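>>> sequence-free structure coming up:
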């Protein structure tokens, strides 16, 4: 697979998860025989996640670490790391191990095997996907976010079955020269609203349970997402997408 791939992992208090996740990712990517780098972006976690990441980077030069001081926010962390990525294909995965590393194989094969594909999204809501043991409160918050999104930015929510996914890859050219100004957690919304792309593919996967630590999602994040929807509504331009 003649490709260079950069995968960004934004973290905050994920010190108990990232060593296992990093090992799984390296195993998958080595089997694909592609050049790759894994970039941890940590917002100066109180639990010392950045220390764990730095130890991993010392063991493997393909692992890089960005420690952000005085900044918070998953989406902005991803954007800051993408600006430093070396790969022609870039992506993002959560650091809590709910996104299975194994799904990367099909995602990368899909984008490499079809030059027309610009974005591949791991979707929780396509046939063949499963969501393991999601609590009623989390399911409600997710449905509420989807409802608000369909009200304020229906054009974006029609592009994919899971516009709120945190697990996706894309060609770097999609965001090169594009000013991304996300707030909160939903970086994919920013990419779909402002990026330069044509063809999108959704892929099924098994969305798992958090292994350690606590979820960052809450009512505050729901409010921030609503603000983001309104902000994007004001900036949206008509586009034609190929499916």
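Yep, it's here. Everything numeric in this text was worked out from a predicted model, so none of it was measured.
>>> and the contacts of stretch 105-121?
Residues from elsewhere that reach stretch 105-121 (CB atoms under 8 Å, 6 or more residues apart in numbering): 1, 3, 5, 28, 31-32, 34, 89, 91, 122, 160, 162, 165, 167-171, 173-174, 188, 191-192, 195, 197-203, 242. Bear in mind the C-beta positions are built from the backbone N, C-alpha and C, glycine included.
>>> buried subset of those as a ChimeraX selection?
Here is the ChimeraX command that selects the buried residues among these (16 or more other CB atoms under 10 Å):
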select :5,28,32,34,89,91,122,160,162,165,167,168,169,170,171,174,188,191,192,195,197,200,201,202,203
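>>> where does the prediction get shaky in this protein?
1-3, 133-141, 211, 213-226, 228-229, 232-234, 236-243 (pLDDT under 70).
>>> kindly recompute the last result at 50.
Applying pLDDT under 50 to the chain flags the ranges 238, 240-243.
>>> where exactly do the strands run in it?
4-11, 35-42, 63-67, 89-92, 117-123, 130-131, 168-171, 199-204, 206-207 (DSSP state E).
>>> please identify which of those is closest to residue 55.
Minimum separation from residue 55 across the strands of the chain (CB to CB) falls at strand 63-67, 9.4 Å.
>>> tell me how far residue 171 lies from residue 205.
Distance, residue 171 to residue 205, using CB to CB, to the nearest Å: 20 Å.
>>> wait, residue 160
14 Å.
>>> cool, residue 80 as well?
Taking CB to CB, one finds residue 80 at 26 Å from residue 205.
>>> pick out whichever of those two has more residues nearby.
It is residue 205, of residue 80 and residue 205, that has more neighbours when counted by other CB atoms under 10 Å, with 23 against 18.
>>> touching, the more buried one and residue 168? I think so.
No. If you go by CB atoms under 8 Å, residue 205 and residue 168 don't touch, sitting 10.8 Å apart.
>>> what is in contact with these two at once?
What both residue 205 and residue 168 touch, as defined by CB under 8 Å, 6+ apart, is the set residue 122.
>>> residues in contact with residue 61?
Contacts of residue 61 by CB under 8 Å, 6+ apart: none found.
>>> beta-bridge partners for the residue lying closest to residue 91 once chain neighbours are set aside, please?
Distance criterion CB to CB, 6 or more residues apart in numbering; nearest residue to residue 91, sequence neighbours excluded, is residue 169 at 3.5 Å. Counting by DSSP bridges, residue 169 is bridged to residue 91, residue 120.
>>> right, and residue 169 touches residue 89 too?
Yes. Residue 169 lies in contact with residue 89 (CB under 8 Å); the separation is 5.9 Å.
>>> hey, what's in contact with both of these two?
Contacts common to residue 169 and residue 89, judged by CB under 8 Å, 6+ apart, are 5, 108, 111.
>>> how close does the second one sit to residue 20?
Counting by CB to CB, the gap from residue 108 to residue 20 is 21 Å.
>>> thanks a lot, see you next time.
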